[in-house]
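Student: mind folding the following:
(2 chains)
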Amino acid sequence: MAREIGDVILKMEGISLSFGGVKALTNISFDVREHEIRSIIGPNGAGKSSMLNVINGVYHPQEGQVTFRGEVRRDMEPHKAATQGIARTFQNIALFKGMSVLDNIMTGRNLKMKCNLFHHALHWGKARAEEIEHRKKVEEVIDFLEIQSIRKTPVGRLPYGLQKRVELGRALAAEPSMMLLDEPMAGMNVEEKQDMCRFILDVNDQFGTTIVLIEHDMGVVMDISDRVVVLDYGKKIGDGVPDEVKNNPDVISAYLGTSH
Amino acid sequence: MLYREAGQFKASYEADQQIFPILQDRVGVLLLIGFFALVVPLIADQYWLKAILIPVLIFSLAAIGLNILTGYAGQLSLGSAAFMAVGAFGAYNFMLRIDGMPFLVAILLGGLCAALVGVMFGLPSLRIKGFYLAVATLAAQFFIVWALVKIEWFSNYSSSGVITAQEIEILGYAFDGPVSKYLLTLFVVVVMALLAKNMVRSTTGRAWMAVRDMDVAAEVIGIRLMRTKLTAFAVSSFYCGVAGALYAYTYIGTVEPEGFNLDLSFRILFMIIIGGVGSIMGSFLGAAFIVLLPIALDVFVPMFLGDLVSSSFVSNLQLIVFGGLIVFFLIVEPHGLARLWQIGKEKLRLWPFPH
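Tutor: Coordinates of the predicted model:
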């Protein structure tokens, strides 16, 4: 493999998050290294999605500290995370339903586009050149994900599996250094899962993108992750390489179940 | 058979990203503009120009404005008429108080005033959504009309805020007849419609639609909600403001703040609902529909029912048919006339061999 796992780039220390009386996360610490595939697993309601929301600034934890590339941050807005190169997909597809596949993925590049409203209104010269330049990049993403044939289709009309793929495309278009994928394979059949795994591994391998993954399919998680963190009821109950986690008695009783 | 894109291969992204990618559309739009600019002035009489074509164009522009805000950016507004009023009174004051103010600059400045006011009343959109925002924009509607009546400076101390638009003169040429006013209106509306079309197909437009469709996801990929929503309010109000200025200068001539009431706001809202929410083309169709329908009913109902019914019955019938058609449209095609047109085009591409 071309990629080499590097230093810690994201460090979560003592993260606690609660909504009113409900404790979603309690004192959780873990880190993510550069270029690795880091999975977060756990039963429903364990706080996995909340964890991702903390990482990219949708939720602000009451306690604890997030350090990304040496920078400690508090109360960060989501678009700041985007400017730092963190992209994400959502558990329930969060595509822009009224727009075509192409426009959805183009939207992913919004941070890299510098023209203002007046350029856009005239759509001449600079704005046009910029639009074409980014279109080329978007077409690369479209090629990579093998969705050429649907580029002009409104995403609302696509089947579920393809929508998930388009959402991955929108995240990729931003050329992120870290991607947060929230159950990218939920509700897919075996073939679609295989495709998705291949894309995730390719992204990680070719672009060196660090991936934080939430997934319920244990086969997939144990196969593709470098390290796994296990949450249960907002608490961390396991952390380590897949084999370690698989044999951790707490994890087995809480989540994996005993094999007979 | 005629409307088919087979054989039109796009070899570059530039070709694929033209404003009208299909040749027939380009020709069609050019023909349409040519027809309205060159042929219509020759064949249309005063009544058609003054009572039908000019208002349709002006309302189309206002509908484009509202469509940008509601259709593209997803922010419901009931204040369009008030922003039109700001544009009208703004242009009037610039013409009145600055010597030698060119007319086109005055209406643009009027539009800019409307944009500023629009941004101010758009601030609540950062906190509230949907129906609640609509109610907040109602405040704009009532407040602005009230302020224009109450603060007499705006209407140059005339009684009850009535203003009479000055003569239009551009480069020494007086636009006083219906034909010249029509052409002026057509020019402004076509240019602004094309600019709007450009905006909605670029990053700005995609950001608006992203906020409309899924605001959390939009924020996560780096779109700033505040800036995007306020830009939508500004551009939308600018369009409404210019429409309002044209309304005063090329259509009515003498306007009062009360003329820009909630009723007018609702009419513009109906235009985009019937024409097509989120469609520039739909704004034109909707405006034409709403302006033409009462006139058509006026003509045709007596023609068919003749002397059988009284004129008061006819005017009531008009309202009933009008309401009925709106309900009919909402049920049959919630996406409006623009969607019907789209479906028609898709059918036409396959005709006569649909399989």
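
Student: which residue ranges form the strands in chain B?
Tutor: B:163-164, B:168-170, B:173-175, B:254-255 (DSSP state E).

Student: wait, I meant chain A
Tutor: Under DSSP E, chain A gives strands at A:8-19, A:22-33, A:37-41, A:63-68, A:71-73, A:86-89, A:178-182, A:210-214, A:227-232, A:235-240.

Student: then the last one to CSV, C-alphas only?
Tutor: Extracted as CSV, the C-alpha positions of strand A:235-240 are listed here (Å, rounded to 0.1, in the frame of the first residue of the first chain):
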residue,chain,number,x,y,z
LYS,A,235,-19.0,5.9,26.9
LYS,A,236,-15.9,4.5,25.3
ILE,A,237,-15.6,0.8,26.0
GLY,A,238,-12.9,-0.3,23.6
ASP,A,239,-10.2,1.1,21.3
GLY,A,240,-7.5,-0.5,19.2
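
Student: and the contacts of that strand?
Tutor: A:26-30, A:42, A:227-231, A:244-245, A:248, A:250-251, A:254 (CB atoms under 8 Å, 6 or more residues apart in numbering or on different chains). For every residue, glycine as well, the C-beta is placed using N, CA and C.

Student: just the buried subset of those residues, written out for PyMOL, thanks.
Tutor: Entered in PyMOL, the line below selects the buried ones among these, by 16 or more other CB atoms under 10 Å in any protein chain shown:
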select buried, chain A and resi 26+28+30+42+227+228+229+230+231+245+248+251+254
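
Student: skipping adjacent residues, who's closest to residue A:132 in space?
Tutor: residue B:13 (4.8 Å; CB to CB, 6 or more residues apart in numbering or on different chains).

Student: also residue A:53?
Tutor: residue A:59 (4.2 Å).

Student: return the distance of that neighbour relative to residue A:179.
Tutor: 18 Å (CB to CB, to the nearest Å).

Student: more neighbours: these two, which one.
Tutor: Taking neighbours as other CB atoms under 10 Å in any protein chain shown, residue A:59 and residue A:179 compare with residue A:179 leading, 25 against 19.

Student: beta partners for the more buried one?
Tutor: residue A:87, residue A:211 (DSSP bridges).

Student: and the helices in chain A, which stretches?
Tutor: In chain A, the helices defined using DSSP state H lie at A:48-55, A:78-83, A:101-107, A:117-122, A:126-144, A:160-173, A:190-202, A:218-224, A:242-246, A:249-251.

Student: what of the stretch 101-250 of chain B?
Tutor: B:103-122, B:130-150, B:178-200, B:203-213, B:215-220, B:225-246 (DSSP state H, counting those that start in this stretch).

Student: tell me which of those sits nearest to residue B:81.
Tutor: Closest to residue B:81 of the helices of the stretch 101-250 of chain B, according to CB to CB: helix B:130-150, at 6.6 Å.

Student: what's the angle from that closest one to helix B:103-122?
Tutor: 130 degrees (axes from the mean of the first three to the mean of the last three CA atoms, to 10 degrees).

Student: how about the residue of chain B found nearest chain A: what's its closest non-neighbour residue?
Tutor: For chain B, the nearest residue to chain A under the criterion CB to the nearest CB is residue B:222, separated by 3.2 Å. Leaving aside its sequence neighbours, residue B:222 sits nearest to residue A:82 (CB to CB, 6+ apart; 3.2 Å).

Student: mind putting the helices of chain A in CSV, mean pLDDT included?
Tutor: Shown next, in CSV, are the helices of chain A (pLDDT from 0 to 100):
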stretch, mean pLDDT
helix A:48-55, 92
helix A:78-83, 89
helix A:101-107, 95
helix A:117-122, 86
helix A:126-144, 92
helix A:160-173, 93
helix A:190-202, 93
helix A:218-224, 91
helix A:242-246, 90
helix A:249-251, 87
